[in-house]
Each structure stands twice: as structure tokens, then as C-alpha cells.
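Colleague: Quick check, what structure comes out for this input:
(one chain, ligands or ions: 1)
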Amino acid sequence: MRKNPFFEPYQTPHDTVPFDRIKISDFEEAFMEGIRREDEEIEKIINDPEEPTFENTIVRVDNENGDNYYDLLSRVSTVFSCLLSAETCDELDQLAQKMSPILTKHANDIQLNPRLFERIKHVYEHHRELTPEEKMLLDNCYDGFVRSGALLDEAGKEKLRQLSEEASLLSLQFSQNLLKENKAFTLHITDEKQLDGLPETAREAAALAAKEQEKTGWVFTLDTPSYSPFMTYSTQRELRRQLYMARNTECTHDNSENNIDICKRLVNLRREMAQLLGYETFADYVLKHRMASTIGNVYKLLNDLIDAYRPTAEQEVKDIEAMAKKQEGDEFKLEPWDFSFYSHKLQLERFNLDAEMLRPYFELSKVIDGVFGLAHRLYGITFKENPEIPVYHPDVKAYEVYDKDGSYLAVFYADFHPRKGKQGGAWMTEYQGQWIDEKGVNVRPHVSVVMNLTKPTEEKPALLTLGEVETFLHEFGHSLHGMFANTRFESLSGTNVWWDFVELPSQFMENFAIEKEFLRTFAFHYKTGEPLPDELIERIVKSRNFMAAYGCLRQVSFGLLDMAYYTKKEPFTDDIIPFEKKAWERAIIGKQLPDTCMTVQFSHIMAGGYAAGYYSYKWAEVLDADAFSVFKKEGIFNQATAQRFRDCILSKGGTEHPMTLYKNFKGSEPTIDALLERNGIKRQTTEA
Ligand SMILES: [Zn+2]
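Modeller: Numbering: from 1, shown residues only. Prediction:
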């Protein structure tokens, strides 16, 4: 009789997932059996007559794989969630909906089990001397239970549950309102003259949108792929104004899609939850598990960036104004809906660069050689394709990765192109994590990068833009973090690090994209074999800093707004619109329009996971520039520096505080200086 492949050893090369043998019906069976085994294991932990210790409680709660029997639930969940993003179908989607509440309930039952928490608390209060990694595991475990309300009395637990349920409902409503408002507005054009300036791709998309709505002519919407080209290229100022105002007043109107009260309530709910759990503010609650650690550190970053970038940003805006006046006459007054249009004109005048120009130099197969070659040059590792490793789609390639001493390091899957059933964007995942088992065996990871890069056609191989090369380097950076992992506990391994630290290895790799020495190894014209000309590389490097200071202040303004809401100690009762204008004032150049509002459409901090975390975009940039500056100084291919980066950061996962790991690598804390240098920003010298 056929057996469910999740229930037995895979018997494949390196125990890789036997995609070819898994049927959709296997998932549900494995989920249910996995839940049952985990419940059984929790019962065993609770009923252990021995005094609770780190080994008999914390380690077992973390693995739930008693008797060294592989952890079925995590095994099936990993494969399931990876496929749900990379290769889904209706049946899999339906199963996801069915399983979601079952899995949530299962997780809650564990987190709210008072007898289990009693044991964990006992270990937390009476543990023996622990290694930093063990201490981190214990703290994470204990804090996870505490954050679920384990220390609260019954009334407190009930209150926390209510607050959290209300917050998730309101987040959902926030997103639905935004989506509805987005769909409600269309700019319908029937006179072709009004398309003046728009490139062919934008016109085609608008014609298609009109057709879908059974209209004649062209339809533009507030979705970025439609909105953004219109604002950049359209010569029709009045239409740009209409589109701009529609987008920037979304969810503020007097209708059922208004998000103002929802935002107020969400800010208050999060503050109440944090305070119930013993924190002063929601930001304090979030930052406890972040590299930045304190509200003061976040504000220091944001303020330092304002001081450094503001003068340049003001000059950049003046340059745009000058460009507009040059074209329209001295009376012209630049408005927000003119900004993209004239900034694009200025960019063209200065650099005459177009993303399409670079494609012939970035043929995918060469780029792969370049990226693997870079990893070899830095870390000595090699990649060998192995067709015996099962894959979930014929497009996917599977490689064995070997360390510099020749030993086996990891399995690396690469899934490059878009197709039906695959989500947009790019990401890195793992089909198996890394850990060291009781017998001391180091179980090596199976990592996967999934992307949506330009496909080959009948006439041409896959030719990438520079942006796509950067995406590849980015995801490859995450995968190195996974492949070099070398920790005892899987939950602290590889990319399982605090949030504002996870983008360091990925963004670090992006730095190579504009290094001549690296480009020279693979960027050859796919037809002529000519190398990418130095002059073009120099122009790319210069053009990257176009409007960099303005862009930085924009990110900082969002960070200020986020912090303003989530550092509140008292109930939030202000009016959202004026509150917003005041909160980010220091990072705004020029006047603010009275009716526009960002907060009501700022999904990151209202509905997404970035509440009190928006600063992390800039934080990660500071880190990657700072780390790369060490390589710039010691040699970008310096193997000793790379080894130190691997030993101190890439192999350590989340086993220690990220600042400790970073200081071990660099010898000091990061500063914003390297980012300023990369952006070509000169600090205003204050008096000596
Ligand atoms: Zn990333």
C-alpha cells in the first residue's frame, strides 16, 4: 500500500523533499497527525516527574520532536507554505483556508497552557549557567508565552484576547476600505490627445483596463503600475492633479470607507495591549526584540539622517523647480503633482540612462555564473547542479553546495521566472532548516530562492535589468545566511533573527551590483561578447544618487509618523490629519496640502507588521553600507574579511543580540557615515 511520504524518511539525495511523490491529500493527513503528535509531546513534557530543566522542557518545547522522531508538523508546514507561494492551485489554496484556523487554535492552545508555562517559568527563574545561545532560546520561549498573556490573571487574559481580536478585525477592515477606495476611482480618457507623453506600455495597459470595464478609450487607476507612469510621463497637468488628489485623499471622505477612526482605534488598541503586558508604549514592546532596542536609538537615527540629508534634499527640490521653470516659464509654481514629471525630465537631461540599455549585458546564465563566482571568490564555496534532486516544477534548478574544504554544505534551489500559480515579487525560503541534533549531527539546510525575473523568448535568452540583477543578489544574500547557518537550535538558525537585522546579509550583497571588478567577471553583451563599458558603469553609479537625499527624507518622514503614533503613553485623541502634518514636519520640504493624508492608507504601520518598525528600512541601509565599507577598505574580495563576516554574522543566526554579533565583526557599532558617502552627501561642518 502507498504510504504518505511525510511519515517516513524521504530517501532522496540529502533527504530533500520528494516533490514527485507528494499528493495534495497527503498534506491534510500529515497536518492532523503532526498536531496529534505535538499534543502528545506537550502532555509528556507537562507530566515529566523530574524538576523542569532547560533540556527537559525548553529544548523539547522548541523541537517537540521527542524520541528524536522527526518533527512531522514543522516538516509538513514548511513544504506546504513554500508551495503555497511558489506553486499553488485552487485545491492547495482551499486547504490553506481550511487549515489556518485549526493551526491557529493549536498554537494558541500551547501558548496558553498554564501547566506548560509553569514549567517554563520555573526554568526561567532557576536555570543553571547557560551559553548565550541557550539563554537566547530560553528568553524567546519565555517571552513568547508572556506576550500571549501567560502572566496575566483570567480577566487580563480575556482583555488581551479581546484587544487583539479587535485589532485584527480593524486591520482587515482598514485594508478592505483602502482596496475599495482604490477601485472606486478611475480616470477615464476618450480623447487620445490626453495621453500625450505616455509611453506605449502605459497606453496599452490603460486600453486593456478600459476593455475589462467594457469602456472605450483608456482607463487609469490609483494602483501603482497605472498611477506611477501617469505621474511621471503625462504632460496633462490638470489630469495629474486629479489623479494625485484622488490618491492622496483616499479613505478620508465622508463615506463607509473612511479610515480615520479606524486608525485612531488601532493606535489605542496597540498601546493598551502593550501596557497590559507591562510596557510603557507599543514601541517599547516592539523594540525589545529589535537591534535598535530603544525609542531613543530610533529617534537618534532619524534625527541624524535629517541633519545630514536636509540641505542636499532642499537643493534637489530647487533643481526640480529650476527645471520646471526652464520649461514652463518663471511664473510656474511647482505643485506636488508636478514633482515626478519634472524630476524625470531632469534625470534624463543629466544621465540619459534607460534601464533597457543594460539588458543585453545581463544574460541570466552569465549572471548565475557571476553570482556563484562571487560566492566562490569570497567564501570558497562551489555549486554543482544535481538533476537527481526532485523539484516541484521543471523550471526549478537544484544544486548541491560544497564548502571550501570540499564538505557538503547545503542544497540550493533556484526558481527564476514568473508563471501561473506563483506569487509576484522575490523571496528566499527553506525546505529544511539547520540544527545540530542530540547525536551531534549537523543537519544541513535546503534553501530556495524564488523570483520573477524576465523570461527568455523564442528569439532571446533571459536578459535582465540591473534591478533584477540586484534582486538576485539580494535573495542570494539571504540564502547565504541560510546556507552558512551553524547553530544548535533551528529556531535561532540562519535568517531567524530580529527584524531590523534580517536584511543585512541581503542588502550587503546588492552593493556588488555596481562594482566594476565584479561586473567585469560576467557582464558581457549576449551577442557580441563585449564587456559592459566602464563609461556606462560610471553613469549608472552617478545616476543612483539622483534625488537620494529627497528619497531618504521621505522614508524618514514615514518613520517619524510611525514613531509618533506608537510612542504615545496616553490615549490618542488628536485629529489624524493635523497630527500627521506636525509629526513629520521636520523631514518635509515645501508646503503640505491641508486635505491629503498618508496615515489612512499607510498599510505598513496600520494593517501590516511594520507598526513601530518602519525605521528598519533605513536602519538596514545604514548597516549594509557600514558593513560593505569594511570590505571597501580591506578589499571587496578579501577572503579574510569575508571569513570574519561569515563567522561573526552569517553563521550565527539569532543566537546573540545582533549588536553583539555586528560588533564582533566590525569592532564597533555602525554609524551613518558609510551611507552618507555612498549617497554622496557631505555633512555640513559645524564650527570647530
Ligand atoms: Zn530581503
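Colleague: and the residue nearest the centre of the chain, what are its phi and psi?
Modeller: Centroid-nearest residue in the chain, with CA atoms, centre = their mean: residue 503, separated by 7.4 Å. The phi and psi torsions at residue 503 (degrees, to the nearest 10) take the values phi -90, psi 0.
Colleague: Just give the closest residue to residue 52, not the sequence neighbours.
Modeller: residue 119 (4.0 Å; CB to CB, 6 or more residues apart in numbering). C-beta here means a position set from N, CA and C on the backbone, and glycine is covered the same way.
Colleague: And the contacts of the host helix or strand of that neighbour?
Modeller: Taking DSSP states H and E as the definition, residue 119 sits inside helix 114-126. When contacts are defined by CB atoms under 8 Å, 6 or more residues apart in numbering, helix 114-126 is touched by residues 42, 45-46, 51-54, 57-58, 61, 110, 138, 141-142, 145, 150.
Colleague: Let's test this: mean pLDDT of that helix, rounded?
Modeller: Throughout helix 114-126, pLDDT has a mean value of 97.
Colleague: and it, how far from the chain's centre?
Modeller: 34 Å (CA atoms, centre = their mean, to the nearest Å).
Colleague: Convert it to PDB, retaining C-alpha atoms only.
Modeller: Taking Å, rounded to 0.1, in the frame of the first residue of the first chain, the C-alpha atoms of helix 114-126 are listed here in PDB:
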ATOM      1  CA  PRO A 114      -0.900  27.100  32.200                       C
ATOM      2  CA  ARG A 115       0.900  23.900  33.200                       C
ATOM      3  CA  LEU A 116       3.400  24.100  30.400                       C
ATOM      4  CA  PHE A 117       4.100  27.800  31.300                       C
ATOM      5  CA  GLU A 118       4.600  26.900  34.900                       C
ATOM      6  CA  ARG A 119       7.500  24.600  33.900                       C
ATOM      7  CA  ILE A 120       9.000  27.200  31.600                       C
ATOM      8  CA  LYS A 121       8.700  29.900  34.300                       C
ATOM      9  CA  HIS A 122      10.400  27.500  36.700                       C
ATOM     10  CA  VAL A 123      13.400  27.100  34.300                       C
ATOM     11  CA  TYR A 124      13.500  30.800  33.600                       C
ATOM     12  CA  GLU A 125      13.800  31.500  37.400                       C
ATOM     13  CA  HIS A 126      16.000  28.700  38.400                       C
END
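Colleague: Of the contacts of helix 114-126, just say which sits nearest to residue 201.
Modeller: residue 110 (50.4 Å; CB to CB).
Colleague: Tell me who's in contact with the closest one.
Modeller: For residue 110, the contact set (CB under 8 Å, 6+ apart) comprises 38, 42, 116.
Colleague: Then residue 332?
Modeller: 324, 325.
Colleague: can you check residue 448 too?
Modeller: Residues near residue 448 by CB under 8 Å, 6+ apart: 82, 86, 412, 413, 414, 415, 428, 429, 430, 431, 479.
Colleague: Which among those count as buried?
Modeller: Taking 16 or more other CB atoms under 10 Å as the criterion, what is buried in the contacts of residue 448 is 82, 86, 412, 413, 414, 415, 428, 429, 430, 431, 479.
Colleague: In strands, which of those residues appear?
Modeller: Residues of these located in strands (DSSP state E): 412, 413, 414, 415, 428, 429, 430, 431.
Colleague: neighbours around residue 604, how many?
Modeller: Neighbourhood size, residue 604 [other CB atoms under 10 Å]: 15.
Colleague: Local confidence estimate at it?
Modeller: On the pLDDT scale, residue 604 gets 92.
Colleague: Skipping adjacent residues, who's closest to it in space?
Modeller: Using CB to CB, 6+ apart and skipping residues adjacent in sequence, the residue nearest residue 604 is residue 610, 3.9 Å away.
Colleague: Over to residue 356?
Modeller: Leaving aside its chain neighbours, residue 356 sits nearest to residue 465 (7.4 Å; criterion: CB to CB, 6+ apart).
Colleague: how far away is that neighbour from residue 83?
Modeller: For residue 465, the distance to residue 83 equals 28 Å [CB to CB, to the nearest Å].
Colleague: Who has more neighbours out of these two?
Modeller: The neighbour comparison of residue 465 against residue 83 (other CB under 10 Å) goes to residue 83, with 23 against 17.
Colleague: for that one, what are its contacts?
Modeller: 92, 392.
Colleague: any idea how far it lies from residue 236?
Modeller: Taken as CB to CB, the spacing of residue 83 relative to residue 236 amounts to 46 Å.
Colleague: swap in residue 150?
Modeller: 59 Å.
Colleague: which of the contacts of helix 114-126 are the two that sit furthest away from each other?
Modeller: Comparing all pairs in the contacts of helix 114-126 by CB to CB, the longest separation belongs to 51 and 110, at 21.4 Å.
Colleague: Which pLDDT value belongs to residue 67?
Modeller: What the model reports as pLDDT for residue 67 is 43.
Colleague: from the middle of its chain, how far away would stretch 160-167 be?
Modeller: Centroid displacement of stretch 160-167 relative to its chain, using CA atoms, centre = their mean, is 26 Å.
Colleague: Just the buried positions in that stretch, please.
Modeller: 160, 163, 167.
Colleague: Give me the residues contacting it.
Modeller: Applying CB under 8 Å, 6+ apart, the external contacts of stretch 160-167 come out as 148, 149, 152, 265, 266, 269, 270, 272, 273, 276, 277.
Colleague: Go through these and say which is closest to residue 620.
Modeller: Using CB to CB, residue 270 is the member of the contacts of stretch 160-167 that lies nearest residue 620, at 22.9 Å.
Colleague: for that closest one, what are its contacts?
Modeller: 167, 282, 566, 611.
Colleague: Now do the residue nearest to the last one when sequence neighbours are not counted against residue 395, distance only.
Modeller: Counting by CB to CB, 6+ apart, residue 605 is the residue found nearest to residue 611 once chain neighbours are left out, at 4.9 Å. For residue 605, the distance to residue 395 equals 36 Å [CB to CB].
Colleague: Quick check on the two: which one has the bigger neighbour count.
Modeller: It is residue 605, of residue 605 and residue 395, that has more neighbours when counted by other CB under 10 Å, with 25 against 15.
Colleague: And the strand or helix carrying that one, what does it pack against?
Modeller: Per DSSP H and E, residue 605 falls inside helix 603-606. For helix 603-606, the elements it packs on are helix 154-184, helix 260-276, helix 548-566, judged by 3 or more CB pairs under 8 Å, 6 or more residues apart in numbering; DSSP states H and E.
Colleague: Adding mean pLDDT and distance to residue 6, write those helices out as JSON lines.
Modeller: Formatted as JSON lines, these follow (pLDDT from 0 to 100; distance: least, CB to CB, whole Å):
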{"stretch": "helix 154-184", "mean pLDDT": "93", "distance to residue 6": "30"}
{"stretch": "helix 260-276", "mean pLDDT": "98", "distance to residue 6": "37"}
{"stretch": "helix 548-566", "mean pLDDT": "97", "distance to residue 6": "41"}
